[in-house]
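A.B. asks: Any chance you can model this:
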Amino acid sequence: MDARDRFILESCVGGFRPLKPLTKQIPSGSLYRRAKRLVALGWLRRENDLYQTSEAGLRQLAEAQAGRRFDVLEKIYPALALVPTPVHRALAELIFAAVVARQHETRSDRHPFFVAYGGTLHWKTSLGIFVCQALRLDPALHIVDCGAETGKSLTVRRSGSGEPAFKRELLDAPFVVLDEFLTADTAVRATLGIVLSGRLVMPFENEQLRVCPVPLLTLNPREKPTLEQQIGLSPPQIRRAVLANLDAVVMPDLAVIGQNALDAASADAPLQLAAPAVDCRAFHERIVELTRAIVPAEAHNRIDVEIVANLATGMTAFIPDPSDAIAQVAYNLGILAETMRWTRPGWIEAVAGFSVTAGKKPARPESPSAMPTSALATMEPDTRIVPKTPQQKTFSLAVPDLVREKRFVPNVELTDATLVRLVWFAHETGQDADGAINLLFDFYMHWRGEDKTIETIEGALALAQELDLAKVEAQTLHDYLADRKALAEHNCSFSDLPEALRVLELLAELPGEWDWARATAAMNAVAEVMRQGVTVDEIGQFIARHRRLEALGFNETAETLAVALSEAGAVGDQRYAVLCHLVEEAKAVVDRAEIEATSRKLRADVAKLEATKAQLERTLAACEQRREALRNEIYAAQGQLAEIEAERFVKAGDLAVLGALRAFLLRKTATAEPFFEELRRLDRWRKMGGAPDDVVGDVHVKQLAEKLYTFLQQLIQEGGGKS
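C.D. replies: Next comes the predicted model:
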């Protein structure tokens, strides 16, 4: 930042200013070119033709005044200079410091995690990709979609025998992005507590689990009234986190420049993570003082100073000097705290002048408007330029009482400029000079008869000059005067409007919809409370006590009990003794009634069990009878089966013999032929009238029997030998 840029920023501190007065020191063309560049850098804010130094510009002035730069890491890792906004750069630098602290185990706990929340297209996931590329990590593995995770998939899963079956490699990585944190289900959210604890070693199912990565949570906040509800984190978790509300950041055109930092990080060499040079816990008191110079008292419980000290220790890996390292961390935390509205005015001055020197508190240089401007000595035409006193931001709309200078003989000499204007007016109206003057005079006399008309016109012209306007609409003046009259009817003026707007903002914070009737009732209630001398603390105590009684179901009974005790004369210590006695008696009654009720219930249960037992016994008897019948049937079936088996055995033998006979007959037809021949002789004898028992028949029968025995013996010998 050169002397002219500094002069412009100093001249626009404290309110919106026109740049035209600065043309006396800086040529007009150069002035507006520089102003345009400062607006593009975010160091100036512009509204119409007015300019004001922004918070970023105030930071630049404070750096120039203190001689301390906060872009050291951009020189170590140049891709940081291309990150779209200072807020994203601050997040990246603090993440690098946190990675150093975890990897080199600066301490066992108080390690932060980071939360970047805001709407879409706010460079949240891109920030995670940028850090992954700086550390040479694969974004595909280290950016986790929380909505796609289940159960304990982010940590350790066990087999049915209890042995570890799976451990996520992310637990050993230096960095992880938990993308879309609010889409994680309850089981995954519970598991993530291990990663967000801030401790290096966590107990996990009777074992110890080492947690290495620095987590970055990205999320789109919910539309809820409290920060905890918006981002889904508890107050203790918020205290362990470093937060950035990206909705409060003016985003550049990311379609144009959003990819530049990622391309540069991919092309650059990886960031080297050396060991910390200093343990900044030795400067704990100075860090506490500096943190409280940045953050107001109401936000102290949101920031853990031990985390600030741990980040400062990690930052010494890049900036070895502890004063500069602590100031760098505080500077980045202040930028992020601004997005949360957690900063004091002028905090940058305390950071810029910080030193760890014992007994020296953070310096607070003079305001930028009072900074010395020796650097402006080279500017022309002045050797030294002192910025003008800041102008008021407001202006008066009151119509002044103009006092005209009374002269008996006015000066009638006209300047050349007035003559030129008169000639132009005469030409515009088609008059000569005399006619033009008479026309103006007639117009003046016409309006002169109206009360305060000329003064009103002069006031309008003065207002137009003050606002740098070519004209003031009549309706605008009419509205202003009507509004002023309406305010006067209530004994108010325009100066009361800021306070009224503050009241409206307070009313807008009321839960639910509100109207003037409800607002009036609320203010009347506040007035009554103030008349009764009730303090805010008493109101809080009363509400807490009332809700406690209501939760116990005792809100109406308490008053009745107090009245009864007072009427019975139980006051002071007696009241406590009576209450103790009543409690003991009531407890005995309640216990007895409870025991009786339990006894009745148990008797009913016993009766039901007895009936069930009888039913089961009957069912069992029927089952025994059926079993006995089935046993008898089995015995009978087994006897029948034995008989069938015996018969089958006999018939199987017969079949075997018959089969052998058949086979023998088929093969031994010649052997059986004598037997059949003898049968034919006996048959012929019978046909001739002979008888089997006569002499001839008896011979044939004996021969037949002998041949039959011979045939059968042979048959049995051959058939049996083969069977």
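A.B. asks: helices or strands up against whichever strand or helix holds Q328?
C.D. replies: Per DSSP states H and E: Q328 is located in helix 322-339. With contacts taken as 3 or more CB pairs under 8 Å, 6 or more residues apart in numbering; DSSP states H and E, helix 322-339 sits against helix 72-76, helix 86-103, strand 241-245, helix 284-294, helix 305-315, helix 347-352. To be clear about C-beta, it is placed using only N, CA and C from the backbone, and glycine gets the same treatment.
A.B. asks: Next, the angle from it to helix 284-294.
C.D. replies: Put simply, helix 322-339 runs at 30 degrees to helix 284-294, going by axes from the mean of the first three to the mean of the last three CA atoms, to 10 degrees.
A.B. asks: hey, C-alpha coordinates of helix 322-339 in PDB?
C.D. replies: Taking C-alpha atoms only, helix 322-339 is exported to PDB below (Å, rounded to 0.1, in the frame of the first residue of the first chain):
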ATOM      1  CA  PRO A 322       6.200 -16.200  19.100                       C
ATOM      2  CA  SER A 323       4.900 -12.600  19.000                       C
ATOM      3  CA  ASP A 324       4.300 -12.800  15.300                       C
ATOM      4  CA  ALA A 325       2.900 -16.300  15.400                       C
ATOM      5  CA  ILE A 326       0.400 -15.400  18.200                       C
ATOM      6  CA  ALA A 327      -0.500 -12.200  16.400                       C
ATOM      7  CA  GLN A 328      -1.100 -14.100  13.100                       C
ATOM      8  CA  VAL A 329      -3.400 -16.600  14.800                       C
ATOM      9  CA  ALA A 330      -5.200 -13.800  16.600                       C
ATOM     10  CA  TYR A 331      -5.600 -11.900  13.300                       C
ATOM     11  CA  ASN A 332      -7.100 -14.900  11.600                       C
ATOM     12  CA  LEU A 333      -9.400 -15.600  14.500                       C
ATOM     13  CA  GLY A 334     -10.500 -12.000  14.500                       C
ATOM     14  CA  ILE A 335     -11.400 -12.200  10.800                       C
ATOM     15  CA  LEU A 336     -13.500 -15.300  11.500                       C
ATOM     16  CA  ALA A 337     -15.000 -13.800  14.600                       C
ATOM     17  CA  GLU A 338     -16.200 -10.800  12.600                       C
ATOM     18  CA  THR A 339     -18.400 -13.100  10.500                       C
END
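A.B. asks: quick one, that helix and helix 86-103 angle?
C.D. replies: 130 degrees.
A.B. asks: what about helix 322-339, average pLDDT?
C.D. replies: Model confidence over helix 322-339, given as mean pLDDT, is 93.
A.B. asks: Point out where the stretch 251-400 of the chain drops to low pLDDT.
C.D. replies: 358-400 (pLDDT under 70).
A.B. asks: wait, what's in contact with P112?
C.D. replies: Applying CB atoms under 8 Å, 6 or more residues apart in numbering, we find P112 in contact with L94, A98, G198, V214, R240, A241, V242, D304, I307, N310, L311.
A.B. asks: check contacts around the fourth one.
C.D. replies: In this case it means V214. Counted by CB under 8 Å, 6+ apart, V214 has contacts I95, A98, V99, R102, H111, P112, F113, F114, P174, F175, V176.
A.B. asks: burial count for the nearest residue to the fifth one once chain neighbours are set aside?
C.D. replies: By the measure of CB to CB, 6 or more residues apart in numbering, the closest residue to H111 outside its immediate chain neighbours is G198, 4.8 Å from it. Burial of G198, expressed as a neighbour count using other CB atoms under 10 Å, amounts to 25.
A.B. asks: now A604
C.D. replies: Using other CB under 10 Å, A604 has 10 other residues around it.
A.B. asks: so how far is D479 from it?
C.D. replies: 83 Å (CB to CB, to the nearest Å).
A.B. asks: could you point out which element follows the strand or helix carrying L679?
C.D. replies: Element membership of L679, judged by DSSP H and E, is helix 669-687. Next in sequence after helix 669-687, counting helices and strands by DSSP H and E, comes helix 695-722.
A.B. asks: how much distance is there from that following helix to the middle of the chain?
C.D. replies: 113 Å (CA atoms, centre = their mean, to the nearest Å).
A.B. asks: One more: stretch 620-635?
C.D. replies: With CA atoms, centre = their mean, you get 70 Å for stretch 620-635.
A.B. asks: on that earlier part again, ok, which of the helices and strands packed on helix 322-339 comes nearest E596?
C.D. replies: Closest to E596 of those, according to CB to CB: strand 241-245, at 55.8 Å.
A.B. asks: Was I right to think Q703 contacts P674?
C.D. replies: No. With contact defined as CB atoms under 8 Å, Q703 does not count as touching P674 (9.4 Å).
A.B. asks: just for the stretch 601-723 of the chain, where's the confidence low?
C.D. replies: Scanning the stretch 601-723 of the chain residue by residue, the ranges that satisfy pLDDT under 70 are 656-657, 659-672, 675, 715, 718-723.
A.B. asks: now what about stretch 177-185, what contacts it?
C.D. replies: 115, 125, 128, 131-132, 139, 142-147, 149-150, 192, 195, 215-220, 222, 231-232.
A.B. asks: What subset of those residues is buried?
C.D. replies: Listed as buried from the contacts of stretch 177-185 are 115, 125, 128, 131-132, 139, 142-144, 146, 149, 192, 195, 215-220, 231-232; burial here means 16 or more other CB atoms under 10 Å.
A.B. asks: Sort out for me which of these are in strands.
C.D. replies: V115, I143, V144, P215, L216, L217, T218, L219 (DSSP state E).
A.B. asks: circling back to that earlier point, need the contacts of P112 in a markdown table with distance to D321, can you?
C.D. replies: Formatted as a markdown table, the contacts of P112 follow (distance: CB to CB, whole Å):
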| residue | distance to D321 |
| --- | --- |
| L94 | 18 |
| A98 | 20 |
| G198 | 27 |
| V214 | 24 |
| R240 | 27 |
| A241 | 27 |
| V242 | 22 |
| D304 | 24 |
| I307 | 21 |
| N310 | 18 |
| L311 | 15 |
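A.B. asks: quick one: which of the residues you listed is most hemmed in?
C.D. replies: Neighbour-wise, those (other CB under 10 Å) top out at L311, 31 neighbours.
A.B. asks: could you list every residue that touches the nearest residue to A261 once chain neighbours are set aside?
C.D. replies: The spatially closest residue to A261, leaving aside those adjacent along the chain, is L82, at 4.0 Å (CB to CB, 6+ apart). L82 makes contacts with I257, N260, A261, A264, as judged by CB under 8 Å, 6+ apart.
A.B. asks: need the helices and strands packed on helix 322-339 in JSON lines with distance to Q431, can you?
C.D. replies: Listed next are these as JSON lines, based on distance: least, CB to CB, whole Å:
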{"stretch": "helix 72-76", "distance to Q431": "69"}
{"stretch": "helix 86-103", "distance to Q431": "63"}
{"stretch": "strand 241-245", "distance to Q431": "65"}
{"stretch": "helix 284-294", "distance to Q431": "69"}
{"stretch": "helix 305-315", "distance to Q431": "78"}
{"stretch": "helix 347-352", "distance to Q431": "63"}
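A.B. asks: Figure out how far the helix holding Q328 is from the centre of its chain.
C.D. replies: On the basis of CA atoms, centre = their mean, helix 322-339 sits 23 Å off its chain's mean C-alpha point.
A.B. asks: Okay, angle between it and helix 305-315 too, please.
C.D. replies: Using the same axes, to 10 degrees: helix 322-339 against helix 305-315 is 130 degrees.
A.B. asks: I'd like to know which elements the host helix or strand of D442 is packed against.
C.D. replies: Here D442, judged by DSSP H and E, is contained in helix 433-448. Packed against helix 433-448, as judged by 3+ CB pairs under 8 Å, 6+ apart, are the following elements: helix 416-429, helix 453-466.
A.B. asks: Of these, which shows the lowest average pLDDT?
C.D. replies: Looking at these, the bottom one is helix 453-466 with a mean of 65.
A.B. asks: low-scoring stretches of the stretch 401-550 of the chain, by residue?
C.D. replies: In the stretch 401-550 of the chain (pLDDT under 70), the answer is 401-413, 447-474, 477, 505-514.
A.B. asks: again but with the stretch 1-150 of the chain, I slipped
C.D. replies: 1, 66-67.
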